[in-house]
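Engineer: Have a look at this prediction, sequence included:
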Amino acid sequence: MLDGGDFEALVDVREDIEVEFKRQPYQLDQESERFELAKDISALANADGGAIVLGVQTERREDAPIDVAVRIRPFAPDLVDTERYVATAIERIYPRIQGLRVEFKPRGDNAERGLVVIDVPPQAEADKLFLVQKPVAEGTTAPGWMVGVSVRSVGRVDERRVSEIHGLINRGYTVSDRLDDLVGEVGAIREGLDAGPVVAQETPADRLEALIGEHLPAVEQQLGELTPYLYLAAAPKAPARVQSLTRQQGVRQTLENPVFTRHDGWNLVTLDRASIVGGRRLSLANGTRKFVDLYEDGTFVVVGTVPDFLAWHRRQLPNKINALALFEFTYNFLLVYDQILGDLEPLPEEVRVAIGLRHAHAYDEPLYWRMAASTGSTTKPTLRHVRRPMTRSTTPRMSPSLRTNRMSTSALPRTRCWCVSTTGLASRTRRCRTRTRRGQRSTASRSPTPSRAAARQADNR
């Protein structure tokens, strides 16, 4: 069609992913036009190649969502310096596009006027993506450069956002690290085969306590010394891997937009964008209130601070833990991990869950669960902290003036671990919460002591 000079056949042709029409040539004396030329050429190269035809006017019709050629506007060949077009593409696009051609096509009935075709052949996948660079300021000895990525789609050119470019670059770093890890793993397997029978592989659950010991000091550096916090951790009891750790979709969206029971409750929402740390974990944070980390092997660690997040009245009572906050935060942790399990390959049959409290004696006062006043007293409520563990067979000796069932966290072990089945993890959590509430009501109904009832009413208020 173009080689024969029959340009009128282009009328009513729609633009698509391989064809783009321009009404007139690029004005390369203007910086914006040079950048536009490089952007349009790189967009075709980042797709499957194609052609840009100069001298065809288009318009958007109501029956078509893309531009359609409506008029041919041929021009003299001296309006386009084809060599300068190629030189601009070489200067502004990296890496260099192979096979790029800029040709003048004369009209069949008038050889002195015609159209210009910029032919972009399909490029090797190993060379993509092609980047466009633009100087921030001209006329200086050391100008800065702005870099972008454009990809041709149906009827338009799409520019990649900064977050998308960062994700592509970060994915390249991660793949490189992953390849190094695979090489090491293959070497270890070969050594194991040469050495004899293969021993049982260590699971993430086996490494959970050691990982917690390595992970928490880094968190404490951001919190400062002696800031009390609660941590929750879960790990599969079989070797597993998070499939979408380095992708934009999958667990990244699960962590950035976590499921929760209440919008304004104690949940895992951080309003942060997940970032890859060391090529092996995704990390998010909400200031110094919440820290969320997911490791490549499926280990999930969440930290919630007491003074700014889990405390009863935060700054007013920074040492008083809100029981509802504790329960809801733990429940939301299990809800989110239930979704993460869907991305693990293979899906483990059991997971190990750990919970712990650090720096329970911060600010020269131990943390406590409940505060009660003496019956008939008008003084400030006093606190009593039990110094020995609470068990089913033992009951702490309480002062007659302080009849309550509170206990100090100093009596709690540093870490509690247990194993649960991954089948119906969320529904298990709901049933456990229901049984807990029923047990609390049953215990309260058997307490005839007036002072204890009064303390409970004060606590409820």
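Structural biologist: Cool, the structure landed.
Engineer: only C-alpha atoms for contact and neighbour calcs from this point on.
Structural biologist: Fine.
Engineer: which one is L100 nearest to, not counting chain neighbours?
Structural biologist: Among residues not flanking L100 along the chain, V120 sits closest, at 5.2 Å (Cα to Cα, 6 or more residues apart in numbering).
Engineer: so what's the one you found bridging to?
Structural biologist: With DSSP bridges applied, the residues forming beta bridges to V120 are G50.
Engineer: Let me see the contact set for it.
Structural biologist: Counting by Cα atoms under 8 Å, 6 or more residues apart in numbering, V120 makes contact with I41, L44, A45, G49, G50, A51, I97, G99, L100, R101.
Engineer: out of those residues, which are buried?
Structural biologist: Buried residues within the contacts of V120, defined by neighbour count using 16 or more other Cα atoms under 10 Å: I41, L44, A45, G49, G50, A51, I97, L100, R101.
Engineer: Need those in TSV (columns: distance to A240 and pLDDT).
Structural biologist: As requested, these are arranged in TSV below (distance: Cα to Cα, whole Å; pLDDT from 0 to 100):
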residue	distance to A240	pLDDT
I41	43	93
L44	40	92
A45	38	92
G49	40	92
G50	44	93
A51	47	94
I97	42	92
L100	47	94
R101	50	94
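Engineer: burial count for V136?
Structural biologist: If you count neighbours by other Cα atoms under 10 Å, V136 ends up with 10.
Engineer: Which one of the contacts of V120 is nearest to V301?
Structural biologist: The closest of those to V301 turns out to be A45 (Cα to Cα; 42.8 Å).
Engineer: That closest one: which element?
Structural biologist: In this structure, A45 sits in helix 31-46 according to DSSP states H and E.
Engineer: sorry, back to before: which of the contacts of V120 sits closest to G5?
Structural biologist: When those are compared against G5 (criterion: Cα to Cα), the nearest one is A51, at 16.3 Å.
Engineer: what's the distance between the closest one and S32?
Structural biologist: 21 Å (Cα to Cα, to the nearest Å).
Engineer: all helices for the protein, in order.
Structural biologist: Assigned by DSSP state H, the helices in the chain fall at 31-46, 82-92, 162-195, 208-223, 251-256, 323-341, 425-445, 450-460.
Engineer: Ranked by average pLDDT, which of these falls at the bottom?
Structural biologist: Among those, helix 425-445 carries the lowest mean pLDDT, a mean of 43.
Engineer: Would you mind measuring from the residue nearest to L223 when sequence neighbours are not counted to A311?
Structural biologist: Among residues not flanking L223 along the chain, T288 sits closest, at 6.1 Å (Cα to Cα, 6+ apart). In this view, T288 and A311 are 14 Å apart by Cα to Cα.
Engineer: Check T394 and give its pLDDT.
Structural biologist: Listed pLDDT for T394 reads 34.
Engineer: hang on, the earlier thing: what is the burial count for the residue nearest to L223?
Structural biologist: Around T288 there are 16 residues (other Cα under 10 Å).
Engineer: same thing with S283?
Structural biologist: Neighbour number of S283 under other Cα under 10 Å is 21.
Engineer: bridging residues for it?
Structural biologist: Bridge pairing for S283 - DSSP bridges - gives S275, D293.
Engineer: Touching, L44 and D158? I think so.
Structural biologist: No: L44 is beyond contact range of D158, at 10.6 Å (criterion: Cα atoms under 8 Å).
Engineer: Between those two, which contacts overlap?
Structural biologist: V151, R152.
Engineer: Give the closest residue to R34 in space, chain neighbours not counted.
Structural biologist: In space, and not counting its chain neighbours, R34 is closest to L28: 5.2 Å by Cα to Cα, 6+ apart.
Engineer: And R60, by the same measure?
Structural biologist: Per Cα to Cα, 6+ apart, closest to R60 is D67, 4.6 Å.
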